[in-house]
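K.L.:
Starting from these lines, generate the structure:
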Amino acid sequence: MYIAVFVAAAVGGGILLVLRRLFPQQEAVKLLRYPIDMMQGKTVIVTGANSGIGKAVAGELLKLQARVIMACRDLESAEEAARDIKEHAGPDQGQVVIKHLDLASLGSVRRFCTEIKEESKIDVLINNAGIYQCPYTKTEDGFEMQLGVNHLGHFLITNLLLDLLKASAPGRIVVVSSKLYKYGHVNFDDLNSENNYDKAFCYSQSKLANLLFTLELSQRLEGSGVTVNALTPGIVRTRLGRHVPIPFLAKPLFGLASLVFFKSPLEGAQTPLYLACSPEVDGVSGKCFANCKEEELMAKATDDQAAKQLWEVSKRMVGLTD
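P.N.:
You can find the predicted model right below:
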């Protein structure tokens, strides 16, 4: 029995050591504090607001008295999340509105934007929703799922709402990317991954696309009063990794490691909240942030030519015309 306990402890310690190397202890996150009425009178759209970072951001914005539009595919989950964040937002909270949005359907995106255009204004758009390393599937319109949801869906939403955002200026657009962009490139020869599918590469490609989109959009928005910035939230305990297979026996250790090494959703929400609210980034555009500080990007994420090419290709794919 003692030998078994010793072996189990040794194996567990070894696994935790490996996890520590894979997921280094992240810098402590300081929770932001803003005046309680900071976002009073402002309308903010958060995609994927029913869970994870999106839900945490929506909850914090509600506390700051914003009118928060939760754009979600699963309405039942969104309603449950809305009840939860309203319960914890305190008495002087803003307003929650739930709208259906399926980023894997351009038709759903267009219907969502048609409804949103009935709003008197939009002050902030937070493109947060995403999917990670799913098996090879296609969106309703035939796009590889990660590219379709993480990039093309948000590309279309942003473009369809630009006129309203400009009319509501000053406004902000926030794009949630990932440090995993470093492991991808935009494969213009097989953007839809029809010849070869590598789920990790496709995720990285989609997150690089987010950064190139932010770069090109910032140039197109110059002088409009609307800014756009991206962020990399770090490793956060969310349902994003639900498609990643973890051996049954390793799940308890992985769960423990996530508590030790990963950020909580609230911690992960601090940078998007900062970009949505902080006066420190008034007029700042085309940048990427991590832990509420500007992040230096690799050259492939600041390639103007690639950004312009991706913009034109994306326009054709989603059916946008000038």
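K.L.:
contacts and neighbour counts: CA atoms only from here.
P.N.:
Noted.
K.L.:
low-scoring stretches of this protein, by residue?
P.N.:
For the chain, applying pLDDT under 70 flags the ranges 1-29, 236-262.
K.L.:
what residue lies at the spatial centre of it?
P.N.:
The chain has Asn128 as the residue nearest its centroid, 2.7 Å off, counting by CA atoms, centre = their mean.
K.L.:
so it makes contact with Val176?
P.N.:
Yes. Asn128 is within contact range of Val176, at 5.2 Å (criterion: CA atoms under 8 Å).
K.L.:
hang on, the earlier thing: residues contacting the residue nearest to the centre of the chain?
P.N.:
By CA atoms under 8 Å, 6 or more residues apart in numbering, the contact list for Asn128 reads 46-49, 53-54, 174-176.
K.L.:
contacting residues around stretch 43-58?
P.N.:
66-74, 77-82, 85, 101, 121-130, 236-239, 265-266, 268-270, 272-273.
K.L.:
Select only the buried ones of the residues you listed in ChimeraX?
P.N.:
To isolate the buried ones among those in ChimeraX, judged by 16 or more other CA atoms under 10 Å, type:
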select :66,67,68,69,70,71,72,73,78,79,81,82,85,101,121,122,123,124,125,126,127,128,129,130,236,237,238,265,266,268,269,270,272,273
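K.L.:
Out of the contacts of stretch 43-58, which sit inside helices?
P.N.:
Using DSSP state H, 77-82, 85, 265-266, 268, 270, 272-273 are the members of the contacts of stretch 43-58 that sit in helices.
K.L.:
For Ala56, see how far away the residue nearest to the centre of the chain is.
P.N.:
Separation of Asn128 from Ala56 (CA to CA, to the nearest Å): 11 Å.
K.L.:
Also Gly268?
P.N.:
Distance of Gly268 to Ala56, given as CA to CA: 8 Å.
K.L.:
just Asn195 next, same as before
P.N.:
Asn195 sits 38 Å away from Ala56, going by CA to CA.
K.L.:
next one: Cys134
P.N.:
Going from Cys134 to Ala56 by CA to CA gives 23 Å.
K.L.:
and these two? which has more neighbours close in?
P.N.:
Taking neighbours as other CA atoms under 10 Å, Cys134 and Ala56 compare with Ala56 leading, 23 against 18.
K.L.:
residue boundaries of the helices in this protein?
P.N.:
Assignment of helices within the chain using DSSP H yields the ranges 2-22, 52-63, 75-88, 106-116, 145-147, 153-167, 199-220, 251-261, 265-268, 270-277, 304-318.
K.L.:
now these in TSV, with distance to Asp190?
P.N.:
Putting the helices of the chain into TSV (distance: least, CA to CA, whole Å) gives the following:
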stretch	distance to Asp190
helix 2-22	30
helix 52-63	31
helix 75-88	34
helix 106-116	20
helix 145-147	12
helix 153-167	18
helix 199-220	11
helix 251-261	35
helix 265-268	32
helix 270-277	31
helix 304-318	12
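K.L.:
Between those, which one is closest to Met298.
P.N.:
Minimum separation from Met298 across those (CA to CA) falls at helix 199-220, 10.1 Å.
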